[in-house]
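> Sequence first, predicted model second:
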Amino acid sequence: MNSLKLTKEQFEQVYEQLRVPSSINKEEIFECYEFAFENASKLMEENIFGKSLPINSVVLLLYLINEYGFYFTFNKEIKDKDLALSKIVSVALDKYFTNEHLDFKNDQFTNKFSPAISTIELYLNFILGILRNYPQKNPQETLMVDMANKAFKVSKAIIELIVKGFETEAFSTWRTLHEIECILILINKYGDPVIKSYLKHLRYALAYRGALNSSEEVDAVFVDIKADMKKYDLKSKDMKKFIEYGWLTSIEEYGPECSYKFNFRDGVEKLAGLSDYSKVYEMASEIAHSSPLLIYSRTQYYYHLTILQLYESFFRLEEIFSKIYLTRISKEEATRYVMMRNVYYSSLQVIYQNEKQIFFKKSQQDNK
């Protein structure tokens with residue numbers, strides 16, 4: 001399979017699209033590219049991989065540009081520039097062929113083009129594009145946006161792990177997504193009182209880890225923590241769980257006679273109304289903590305289980321997003337989102353039901 005070498009004009013166009021820092025010498029990169037392409041073509045002619053593979057000039061360029069930037073960052077005084085460029089080309093070619101053509105790949109049950117993956121990814125990209133336009137990283141004002149943004153990004157991470165054949169790792173990552181969605185459900189349901197309490201306990205956590213500006217500030221926060229704990233007759237041994245989950249006391253259902261506790265499963269998850277996921281969450285926790293389930297897992301089982309959990313979490317998160325944020329974005333953007341939703345939401349439901357049937361059948365077979 002022949003590979004087409006970039007002309008100087010094509011190189012210029014690609015280089016501009018890559019937005020290479022001005023500290024990189026473009027002419028030297030072109031020189032490196034020509035040398036690298038020539039050597040790569042010779043290796044292809046020698047058929048060292050046992051098959052004919054095209055040379056991806058853009059990927060090769062990216063290796064060269066990054067190696068160049070790295071090399072000259074740590075080698076300020078270069079006596080022999082030609083030797084330096086030769087080393088950069090050599091390393092870039094090693095990485096190009098090893099990482100692109102000898103890349104380790106797990107057994108995979110799906111790919112990025114499968115509707116089960118591509119449909120939800122389309123949705124996630126659309127939502128994340130909308131959220132990008134919102135102010136962020138100012139917890140007092142943007143807590144819900146920040147949490148929603150993180151939830152949808154974690155969903156994308158799960159998809160990438162699934163596609164690359166890391167099913168158990170994707171499942172343990174769903175555990176994080178489930179924690180975020182439960183907190184988001186409570187914040188969405190109860191509003192300002194919970195947001196204020198959550199932010200207060202976020203500050204408590206920073207003090208607990210010594211991450212505030214001064215020791216005096218840390219000491220002052222600990223005075224507040226102890227005063228708060230005294231209200232609930234908590235001892236010193238309860239401090240860590242109070243710091244992590246004490247914000248739940250701002251929820252009206254939480255009281256001295258209730259069965260809720262300062263933890264995730266008997267506190268956050270239960271108050272969010274998602275206790276039905278308690279056993280699945282426990283299983284994901286075991287995998288996250290390197291139990292035998294991680295080492296000797298039935299990967300296909302965890303593939304289907306993760307897809308189901310991802311879809312169910314996504315449906316809940318998308319509902320929160322569509323109810324809150326569609327009223328705050330431009331009319332044009334909202335119209336585009338509604339049009340996309342009308343086309344693809346029903347597809348997500350069909351895919352979910354199909355995956356549910358597959359998982360049920362496989363579970364029955366495994367139990368025989």
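Thanks, I have it. Given the structure is predicted, the values throughout are model-derived calculations rather than measurements. Residues are numbered from 1 along each chain as shown.
> Return the residue spatially closest to Tyr204, with its sequence-adjacent residues excluded.
Distances taken as Cβ to Cβ, 6 or more residues apart in numbering put Ile243 closest to Tyr204, at 4.5 Å, once the chain neighbours are dropped. To be clear about C-beta, it is placed using only N, CA and C from the backbone, and glycine gets the same treatment.
> and what of Asp266?
Distances taken as Cβ to Cβ, 6+ apart put Tyr260 closest to Asp266, at 6.3 Å, once the chain neighbours are dropped.
> how many other residues sit next to the one you found?
Using other Cβ atoms under 10 Å, Tyr260 has 17 other residues around it.
> now swap in Ile159 and tell me
For Ile159, the tally of surrounding residues (other Cβ under 10 Å) stands at 22.
> Let me know the secondary structure of Ser313.
Following DSSP: H, G, I helix; E, B strand; the rest coil, we place Ser313 in the helix state.
> still on that earlier bit, packing partners of the helix or strand encompassing the residue nearest to Tyr204?
Take DSSP states H and E as the rule and Ile243 turns out to sit in helix 239-245. Helices and strands in packing contact with helix 239-245 are listed as helix 192-208, helix 215-231; criterion 3 or more Cβ pairs under 8 Å, 6 or more residues apart in numbering; DSSP states H and E.
> what's the most buried one of these?
The highest mean neighbour count among the helices and strands packed on helix 239-245, using mean count of other Cβ atoms under 10 Å, belongs to helix 192-208: a mean of 17.
> other SSEs contacting that one?
The helices and strands touching helix 192-208, judged by 3+ Cβ pairs under 8 Å, 6+ apart, are helix 139-163, helix 167-190, helix 215-231, helix 239-245.
> what's the closest of these to Tyr123?
Evaluated over the helices and strands packed on helix 192-208, closeness to Tyr123 peaks at helix 139-163, with 9.0 Å, by Cβ to Cβ.
> hang on, the earlier thing: I'd like the mean pLDDT over the helix holding Ile243, please.
Regarding helix 239-245, the rounded mean pLDDT is 96.
> Likewise for stretch 283-293?
If you average the per-residue pLDDT over stretch 283-293, you get 85.
> just checking, what packs against the longest helix along the chain?
Among the elements of type helix in the chain, defined by DSSP state H, the one spanning the most residues is helix 331-367. Using 3+ Cβ pairs under 8 Å, 6+ apart, the elements in contact with helix 331-367 are helix 115-131, helix 299-324.
> Put together JSON lines for those helices, with mean pLDDT, mean neighbour count and distance to Glu252 on each row.
Supplementary listing: these in JSON lines, determined by pLDDT from 0 to 100; neighbours: other Cβ atoms under 10 Å; distance: least, Cβ to Cβ, whole Å:
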{"stretch": "helix 115-131", "mean pLDDT": "94", "mean neighbour count": "18", "distance to Glu252": "29"}
{"stretch": "helix 299-324", "mean pLDDT": "93", "mean neighbour count": "19", "distance to Glu252": "20"}
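> Is it possible to get a markdown table of those helices that adds distance to Leu186?
Rendered in a markdown table, the data for the helices and strands packed on helix 331-367 read as follows (distance: least, Cβ to Cβ, whole Å):
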| stretch | distance to Leu186 |
| --- | --- |
| helix 115-131 | 20 |
| helix 299-324 | 11 |
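> Lys241 - how many residues pack around it?
Neighbouring residues of Lys241 were enumerated by other Cβ under 10 Å; the total is 14.
> Alright, I will stop here.
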